[in-house]
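Trainee: coordinates for the following, if possible.
(3 chains)
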Amino acid sequence: MRLAYYPGCTLKTTAKSFDISTLESSKTLGIDLIEPERWNCCGTVHALSKDDVMHHLAPIRNLLRIEEMKKTGIVEESKVITVCAMCYNTLKRANLVFNSDSDKVKKINENMENESSVYNGSVQVEHLLETIKHQGWDNLRNKVKIPLKDLKVAPYYGCLLLRPRGLGIDNADKPSIMEDMIRALGAEPIDFAYKQKCCGSYHTVFMKERVADLSYKILNQAKIAGAEIIVTACPLCEFNLSHRQTEIIKNRSEFKEFPVIYFTQLIALALGLKEDSMVFGENKTDPRPLFKYKGFLKEI
Amino acid sequence: MSDFKSGYPEYMQESLKKVSETRSSRFGKEFTPMTAEQRIQILEKFHPDWKPQMKRGLKIGPSKGMLIPHEVADIIESHSMIKHDEIDLTKIDYDLDVLIIGGGGAGLSAGILAKESGIPADKILLVQKLRLGDANSKMAQGGIQAADTSIDNPAIHYLDVIGGGHYANKPDLVEALVKDAPDVIKWHESLGVMYDKNPDGTMLEIAGGGTSRNRMHSCKDYTGLELTRVVLDEFINKEIGYTEFTSAVELLMDDKEQVAGAVLYDLETKEYHIARSKSTILATGGFGRLHIQGFATTNHYGATGDGIVMAYRTGAILRDLDSTQYHPTGAAFPEQIVGQLATEKLRGRGAQPVNKYGELFVYHLEPRDIESSSYIRECYERDNGIVTPTGMKAVWLDTPMIEKVNGSGTIEREFAAMFRNFNRWGIDIRKEPMLVFPTLHYQNGGVEINANTETNIAGLLCAGEVCGGVHGKNRLMGNSQLEIYVFGRRAGRAAAKRASKTNLGELNLNHVKRYDKWLEEAGIITERKSPIILPEYRGEKTLSHQLKIM
Amino acid sequence: MSKNNNDFVTIYVMGKKQKVPADLTIMKAMEYAGHQFIRGSGCRGGFCGACATVYRMRGSYKLQGALACQKQVEEGMIIAQIPFSPSEKITYKLNEIKANANTFLEYFPEIARCLSCNTCTKACPQDIMVMDYVQAALRGDIKLAAKLSFDCLGCGLCAMRCPAEIVPYNIGQLARRLESKYIEGPTEQVLSRCEEIKEGKYDKEIESLKNADKETLIKLYNSREMKNE
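Mentor: Numbering: from 1, shown residues only, chains lettered A, B, ... in the order given. Prediction:
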């Protein structure tokens, strides 16, 4: 299955390992992800802009690129897959606005007059977790080579994956998609109180200590609930939960480093892919000692 | 193809059809190169340089008697723009170690090397009469020569240069040119120039007229643009002093007979400034905008030969100014771009010159003077040219052959500038040929220098097109971009070295007074003044009604 | 050759009405009308970007950009020259910086303000995909930024139109220098030839050519082997 893939800037800079693990896992699952030749910022950095039309130009322009890919037969469906919660939310929200406000559609099109075609609103925005879910959890389960037996995984959703309602990938009050994925991989999902709490998001730039506090609460709750590792589906959540551990350790001598990884890395591990498809070395908190202890990775 | 629209008028369609029909039969064919004898014959009969009535002997100065084009003699046999007694030499505006006049590739690289040789940034000043970097340097399209392949070496390069220059070149300068060449490319790469490469990472090197090896390094057909903007970026990174829209109008001397700076003129505020300097580098470029013999030119707006004028007033020796380069392939249609350059790289990649019947009539990679002469012969003696709507005669340059030889996509990839600049006027050079005719391109001669860029006048150094001797009587493609950086860098080093051991005496403009005397003694009575700084393109209607009120 | 009335068009040079021959470029038309350029004219051949010009056609709201030497006048053209684009070129030491996205954010933090509105691309007289190369730089795709920006003349029209006040051409310049210096790297054949020359490998041969008389040189030149492909 050939599908358009919108990686977003984070996966091209600070989170390259998520990009690689996404592509490799998907390939194994029979999903050929194709990056558009031209793409720009998903638009999330303009969220604070008051001019709402400007805010939607960037995402709509990306969706137009996807429509062009479909038209020229590069991909089979008018659909774009993304694995970044921020990109997912921004693209999907813009699509919603585009399809519900005809005045805005007109304005957006007027501002994109130099494009060779006009966006029709046909593109479906999908998170890779949804794509895998639609393939059926059995499909994923059948492809697992190394069942992650006895691994206790806390799924951390954060905010953007589930909210606002109607845009989220799952029930905002009682999500289960990550748990289902974890079970399909042979591991045990650990429910914990803070799995939908905010991680502090962009405050991490100017309010490190505040975000470190929030991260501590999340990590600590997961630990208390019995988790051995946290898995996220948003690169900013992953960044905050892992990088802020530096500050946490500085302030709390009793705190031990706690591994946080991306969901695509966990999938790649269970599918038995080579280590260079997971790139664990680039994670701030190295999960390899845990996986070696569990016997999922060979000792070198 | 049905919606294809020709960029040429109806009456040319028959000839265009012939060019297109003969393309397959010309594929892979080459016209036989001329013998040495044939070359001399065609030059004597058709090259503009060989028409004696277009030249005269210089009547004054150290190079008295040298035959040069009237247009050049006119600016040399002129009075100074300034009177020697109206300038206050006691108030020094800039007290420098190194003054650089001209902001093309030679001037910019001289500045960088002067700084790297230990001169503080605030003791260097570059003056440029246009924007920094706006110079012929930036307009070079085809490439830069350097012998760096396994089948090539600097000695082979040397022989190509000196044979192409009709053995009139100064050997020391040719040696410097060919031996520094690979180091110039190395320097460029260290600064971040994006040269075109083969898929295996080696240099993509192409042929040029009169070169016996593929030696042309290029950056698409924006070679000069890429080299100039990188060197310019580095120049600014070094925080070296510069001032734009300011021209030098006369050199200064001191009482020890040394050049000691220049009188600068701000083109916008019209005030003058005195720059005193221990070393002065002239990097003012050539004289294309003098439109020798009425030819259109490829040159930029400021190419008015200022440097040779100012140097000659101080007593510097000139050489080889009898020879001017006409680039064979100047655009001849449409009228709006007449004279603009169509790079030699087009022929290097397989484009063939053909006449109105679609026939080959000359080997496509003769040295430039031979190639130009044969286009003139084809148009004017044999009458096989195409007449443009404005009455010019021209020959076809069959660019679609490039894609036939190298595959489709080659033109957009390697000739982005040519493709764009003709496409703007409705001509798709992938599908239709260009109309071309020789255009005034390069000042082969100039101020005589040694390999350290020093002139016969102490304190005066020269680099780039303003100099003579490097190319003899004819320059090969890709050797001017090379010359700029070889001698620009040498000038920067030599100027720094000289500055560290020079003491200046009292400034004067006695040479300007002396020059007026030379003119008077030679019986030259004229109102002409030079350097002319910018060419005059305003309409007659405006000029004849101008009042000097403000 | 005299021209009849149809051969002329009316243009407005910075608001002033002028009748000029219809076949001229904007640059030549302004000179015809009596202007002498000090700024705003450079190579006169589409290679330097000194003659950035903006214009509107009468009856159209569209503000368009062009190079004055590369654009023919049209009836009703309202013209203003942009001879200078105010921007500070950030200085940096190429040897000490890294080829990644952070370098761009450090030197040009404003690129994070890019709205992807594409106005820069619309303004470019070279038809460069300006917004795409700014975006490529923002995500550290230096190769793409270098490739897309390569034909830039630095005329400044993109910078004058950008609502986020970005100066794209400075970003393209840095991308290209980083691409060549750190991603492509130096070329082996050039380095080794430089070494050979330094060691004096060709000195003897060149010395003998320098000392040869003209007859000898002519003979050598005319019999030299041509190895062009």
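
Trainee: contacting residues for B:Tyr242?
Mentor: Contacts for B:Tyr242 (CB atoms under 8 Å, 6 or more residues apart in numbering or on different chains) come out as B:Gly103, B:Gly111, B:Leu125, B:Leu126, B:Val127, B:Gln128, B:Leu132, B:Phe235. Just so you know, the C-beta spots here come from the backbone N, C-alpha and C atoms, and that holds for glycine as well.

Trainee: near chain C, which residues of the stretch 201-350 of chain B?
Mentor: Residues of the stretch 201-350 of chain B found near chain C (CB under 8 Å from any CB of the partner chain) are B:201-203, B:207, B:211-214, B:219-220, B:222, B:224-226, B:229-230, B:233-234, B:236-239, B:245, B:267-268, B:298, B:300-301, B:335-337, B:340-341.

Trainee: among those residues, which are in helices?
Mentor: Members of these lying in helices (criterion: DSSP state H): B:Gly224, B:Leu225, B:Glu226, B:Arg229, B:Val230, B:Asp233, B:Glu234, B:Ile236, B:Asn237.

Trainee: and these, which of them are buried?
Mentor: In these, burial by neighbour count holds for B:Gly224, B:Leu225, B:Glu226, B:Arg229, B:Val230, B:Asp233, B:Glu234, B:Ile236, B:Asn237, counting by 16 or more other CB atoms under 10 Å in any protein chain shown.

Trainee: could you double-check that the last one sits in contact with C:Glu96?
Mentor: No. Taking CB atoms under 8 Å as the definition, B:Asn237 is not a contact partner of C:Glu96, at 11.1 Å.

Trainee: if I look at B:Lys270, how far off is chain C?
Mentor: According to CB to the nearest CB, to the nearest Å, B:Lys270 stands 11 Å off from chain C.

Trainee: show me which residues of chain C sit near chain A.
Mentor: Proximity of chain C to chain A, by CB under 8 Å from any CB, involves residues C:100-102, C:112-118, C:121-122, C:129, C:131-132, C:135, C:138-141, C:163.

Trainee: and those residues, which are buried?
Mentor: Here, 16+ other CB under 10 Å leaves C:101, C:114-118, C:121-122, C:129, C:131-132, C:135, C:138-141 buried among these.

Trainee: looking at those, which is nearest A:Thr90?
Mentor: Checking these against A:Thr90 with CB to CB, the nearest one is C:Ser116 at 11.4 Å.

Trainee: could you measure the closest one against A:Leu63, distance?
Mentor: Distance of C:Ser116 to A:Leu63, computed by CB to CB, to the nearest Å: 12 Å.

Trainee: now do the contacts for residue 79.
Mentor: No chain specified, so I'll use chain A. A:Leu3, A:Ala4, A:Ile66, A:Val123, A:Gln124, A:Val125, A:Glu126.

Trainee: meant chain C actually
Mentor: Shown in contact with C:Ile79 (CB under 8 Å, 6+ apart): C:Ile11, C:Tyr12, C:Val13, C:Met14, C:Ile26, C:Met30, C:Thr53, C:Val54, C:Tyr55.

Trainee: show me what the closest residue to the last one other than its chain neighbours bridges to in the sheet.
Mentor: Closest residue to C:Tyr55 in three dimensions, ignoring its sequence neighbours and counting by CB to CB, 6 or more residues apart in numbering or on different chains: C:Ile79, at 4.7 Å. Note on C:Ile79: beta-bridge partners by DSSP bridges are C:Val13, C:Tyr55.

Trainee: coming back round to it: and of the contacts of C:Ile79, the nearest to chain A?
Mentor: The shortest approach to chain A among those belongs to C:Val54, at 16.2 Å (CB to the nearest CB).
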